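1. Below are the sequence and a predicted model for it; my questions follow.
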Amino acid sequence: MPFLLKITQAALLSLGVMMLSSCTSDQDQGPDGSSASSSKFVIDPSGKIPGKKVGRPYQIKGKTYEPVAYLAYEEEGDASWYGDYFHGRLTANGETFDMNKLTAAHPTMPLPSFVEVTNLDNGKKVVLRVNDRGPFAKGRILDVSKRASEVLGFKTAGTARVNIKMLGDDEGAAMYREDIPPMPMSRKKVANAM
């Protein structure tokens with residue numbers, strides 16, 4: 001009898017643990033209890049991007065945008081950045097926008113795509129994943145995440161003159177990093193003044 005009781009208790013305990021584990025979430029919770037996003041997009045080792053779509057024409061503020069399946073794309077113009085207001089919201093291709101990841105928004109590129117962005121004022125470059133639509137401000141060709149604006153060195157200014165070059169899926173996947181850590185603080189030695 002005690003053996004049967006122990007087996008029953010173990011089975012009930014296992015069942016309870018399984019039921020509780022199904023109640024957990026993959027998303028982290030922010031300080032206010034809302035979900036804090038962290039993009040979990042995984043790139044197939046083959047370098048192919050699953051679910052890449054050109055999309056249909058759409059209209060914003062009376063202007064029609066027609067997404068195109070570009071074979072090559074390069075353009076110079078002004079870029080801006082977006083962050084707090086959109087953080088945690090869905091992007092145009094259904095991912096959760098994370099302002100701390102290296103992503104961008106473009107009005108007509110297939111989603112997702114990879115672009116190499118160069119700040120023409122300071123020469124800084126980064127590879128970004130285009131996963132959203134925008135910018136919709138006149139004269140701007142690209143919106144980048146807050147983190148991308150930091151890496152490119154224009155967060156404080158808000159905008160920068162950039163060159164954007166679309167990369168092939170294989171090349172972009174090989175070069176893309178979800179984040180680039182901040183530069184370490186300088187540790188200059190100061191001579192003792194005696």
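-> Yep, that arrived. Bear in mind the structure is a predicted one, so any value in this text is a computation, not a measurement.

2. Tell me how far His87 lies from Asp98.
-> Per C-beta to C-beta, to the nearest Å, His87 is found 7 Å from Asp98. From N, CA and C alone the C-beta is placed, and that goes for glycine too.

3. Which of the two has more residues huddled nearby?
-> Taking other C-beta atoms under 10 Å, His87 and Asp98 do not tie; Asp98 has more neighbours (24 against 18).

4. Now do the strands in this protein.
-> Using DSSP state E, the strands found in the chain span residues 28-29, 35-36, 58-60, 63-65, 74-82, 103-105, 113-119, 125-132, 140-145, 159-167.

5. Okay, buried residues for the last one please.
-> What that stands for is strand 159-167. Ala160, Val162, Asn163, Ile164, Met166, Leu167 (16 or more other C-beta atoms under 10 Å).

6. so how many other residues sit close to the residue nearest to Gly158 when sequence neighbours are not counted?
-> The shortest distance from Gly158 to any non-neighbouring residue, by C-beta to C-beta, 6 or more residues apart in numbering, is to Ser80 (6.3 Å). Ser80: 21 surrounding residues under other C-beta under 10 Å.

7. For Ser80, give me its contacts.
-> By C-beta atoms under 8 Å, 6 or more residues apart in numbering, Ser80 lies in contact with Pro135, Ala137, Arg140, Leu142, Asp143, Val144, Gly158, Thr159.

8. again, but for Tyr73
-> Residues near Tyr73 by C-beta under 8 Å, 6+ apart: Met109, Ile164, Lys165, Met166.

9. what about Ser80, distance to Phe136?
-> Distance check for Ser80 against Phe136: by C-beta to C-beta, it reads 10 Å.

10. Repeat that for Glu178.
-> 26 Å.

11. Who has more neighbours out of those two?
-> Neighbours were counted for Glu178 and for Phe136 using other C-beta under 10 Å; Glu178 has more, 16 against 13.

12. can I assume the more buried one is in contact with Leu102?
-> Yes: in this structure, Glu178 is within contact of Leu102 by C-beta atoms under 8 Å, at 6.4 Å.
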